[in-house]
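Participant: 3D model of this:
(one chain, ligands or ions: 1)
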Amino acid sequence: MKVHNVELTISAVRPEQYPVEGLPEIALVGRSNVGKSSLINTLINRKSYARTSSQPGKTQTLNFYNVEDLLYLVDVPGYGYAKVSKKERDKWGRMIETYLTQRPNLKGVIALMDARHEPTELDIQMLGFLHYYQLPFLAVGTKIDKIPRSKWNKMVSNAVKKTSFLNHDNYALFSAVNKTGKELVWDWIEKMVE
Ligand code: GDP
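Facilitator: Numbering: from 1, shown residues only. Below you'll find the model as predicted:
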């Protein structure tokens, strides 16, 4: 995808504020600091368009980025992820759950995790949540530039071994520093929204 035009259409909290044109949407979820803003900025060829890192005290919103009037990338605020139990659901946040579970326009979710570590319990809970709600997802291991290429295979195998939600087809590696994985992520997005 050649991206020239991107616009932050709305920072929404409630469903009434979501965009109404009916464009397909791809949500990006991940814990704070995982590299979500950097990935969005890389995808849309900007240096610092999406907010970077969590700003404590700032209102947490769903940020809808209109890309070329073709689709929305939806930046979901970094949260702790929850399994599908009442208690955990409350922690996950009503806003995020409402969006992820009740938005017909949502065609896929990019779930970020730090590639330098095995998926954490919270990462796995997040994948379980997406699986439970039958949301197509691509897991993306970030900051791969920090790992020598010779260790990539082993790292992916370890991640796949750690949770049945991951396999060699739904786990991609990414770097915002050298753009590894950018085309692969765009290919997946285009497949989901077509
Ligand atoms: P967010 O909180 O998930 O939006 O994370 P940010 O995109 O703000 O990134 C958090 C930190 O990780 C920042 O210091 C980034 O510079 C750094 N970071 C993000 N992506 C990468 C990457 O691909 N490689 C490296 N080396 N650092 C990254």
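Participant: Within the helices and strands, which one has Asn41?
Facilitator: When secondary structure is defined using DSSP states H and E, the element that contains Asn41 is helix 36-43.
Participant: who's in contact with Asn66?
Facilitator: Counting by Cβ atoms under 8 Å, 6 or more residues apart in numbering, Asn66 touches 5-9, 19, 23, 72. In short, each C-beta sits where N, CA and C put it, glycine included.
Participant: Just give me the closest of these to the ligand.
Facilitator: Set against the ligand, the nearest of those by Cβ to the nearest ligand atom is Leu8 (14.7 Å).
Participant: so who does the closest one touch?
Facilitator: With contacts defined as Cβ under 8 Å, 6+ apart, the neighbours of Leu8 are 49, 63-66.
Participant: Spell out which two among those are the most distant pair, please.
Facilitator: Between all members of these, the longest pairwise span (Cβ to Cβ) is found for Tyr49 and Phe64 and amounts to 12.9 Å.
Participant: what about those two, which has more around it?
Facilitator: More neighbours sit around Phe64 than around the other of Tyr49 and Phe64, counting by other Cβ atoms under 10 Å; the figures are 21 against 15.
Participant: mind checking how far that one is from the ligand?
Facilitator: Per Cβ to the nearest ligand atom, to the nearest Å, Phe64 is found 16 Å from the ligand.
Participant: Equivalent analysis for Val34, please.
Facilitator: 4 Å.
Participant: quick thing: my sequence starts at 526, can you match it?
Facilitator: Will do, 526 is the new start, and the previous item becomes Val559.
Participant: wait, is that residue part of a helix?
Facilitator: No - Val559 sits outside any helix when classified using DSSP: H, G, I helix; E, B strand; the rest coil, being coil.
Participant: Please report phi then psi for it.
Facilitator: Main-chain dihedrals, Val559, degrees, to the nearest 10: phi -70, psi -20.
Participant: wouldn't it be in contact with Ala640 here?
Facilitator: No - taking contacts as Cβ atoms under 8 Å, Val559 lies outside contact range of Ala640: 9.8 Å.
Participant: Report the contact partners of the residue lying farthest from the centre of the chain.
Facilitator: Note on the chain: the largest C-alpha distance from the chain mean falls to Ser675, namely 26.0 Å (Cα atoms, centre = their mean). Shown here is Ser675, which makes no contacts under the criterion Cβ under 8 Å, 6+ apart.
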